[in-house]
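A.B. asks: starting from these lines, generate the structure:
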Amino acid sequence: MTDKPTGPVAAEIARRLQSALSPERLAVIDDSEKHRGHAGHDARGESHFTVEIVSSLFEGQNRVARQRAVNAALADLLAQRVHALAIKARTPAEDAT
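C.D. replies: Residues are numbered from 1 along each chain as shown. Have a look, this model is predicted:
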């Protein structure tokens, strides 16, 4: 199951993560409004996100390897458009607990 992203950047994040990591569950949450007035806030919006992703591809990977996989799928967005990304990456077995 994937929560429907609302803006174009969120939709692109979801599309890339679906393609790269085949998640069983994916939520892309736009946290930008919480950061209004802080460093990195972009008046266009969609600058701060939380990604909650559950994928069997994370089996046997530690937290850092999982985050690297997500970051690799989003590399140019992180360099050009996204200021902050919180990642909650889990396996299906971890998600069940």
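
A.B. asks: go ahead and confirm E46 touches G7.
C.D. replies: Yes. Using C-beta atoms under 8 Å, E46 is in contact with G7, at 4.8 Å. C-beta here means a position set from N, CA and C on the backbone, and glycine is covered the same way.

A.B. asks: of these two, who's got more company?
C.D. replies: In terms of neighbours (other C-beta atoms under 10 Å), E46 is the more surrounded of E46 and G7; the figures are 22 against 15.

A.B. asks: what pLDDT does that one get?
C.D. replies: You'll see E46 listed with a pLDDT of 81.

A.B. asks: list residues touching both of E46 and G7?
C.D. replies: Counting by C-beta atoms under 8 Å, 6 or more residues apart in numbering, the common neighbours of E46 and G7 are D30.

A.B. asks: what's the distance between the residue lying closest to I13 once chain neighbours are set aside and T97?
C.D. replies: Residue nearest to I13 in three dimensions, not counting chain neighbours: V28, with 5.0 Å by C-beta to C-beta, 6 or more residues apart in numbering. Distance of V28 to T97, given as C-beta to C-beta, to the nearest Å: 23 Å.

A.B. asks: what about those two, which has more around it?
C.D. replies: The residue with the greater number of neighbours, taking V28 and T97 and applying other C-beta under 10 Å, is V28; the counts read 24 against 5.

A.B. asks: which strands or helices does the strand or helix carrying that one pack on?
C.D. replies: Under DSSP states H and E, the secondary-structure element containing V28 is strand 25-30. Using 3 or more C-beta pairs under 8 Å, 6 or more residues apart in numbering; DSSP states H and E as the contact criterion, the elements in contact with strand 25-30 are helix 8-21, strand 48-54.
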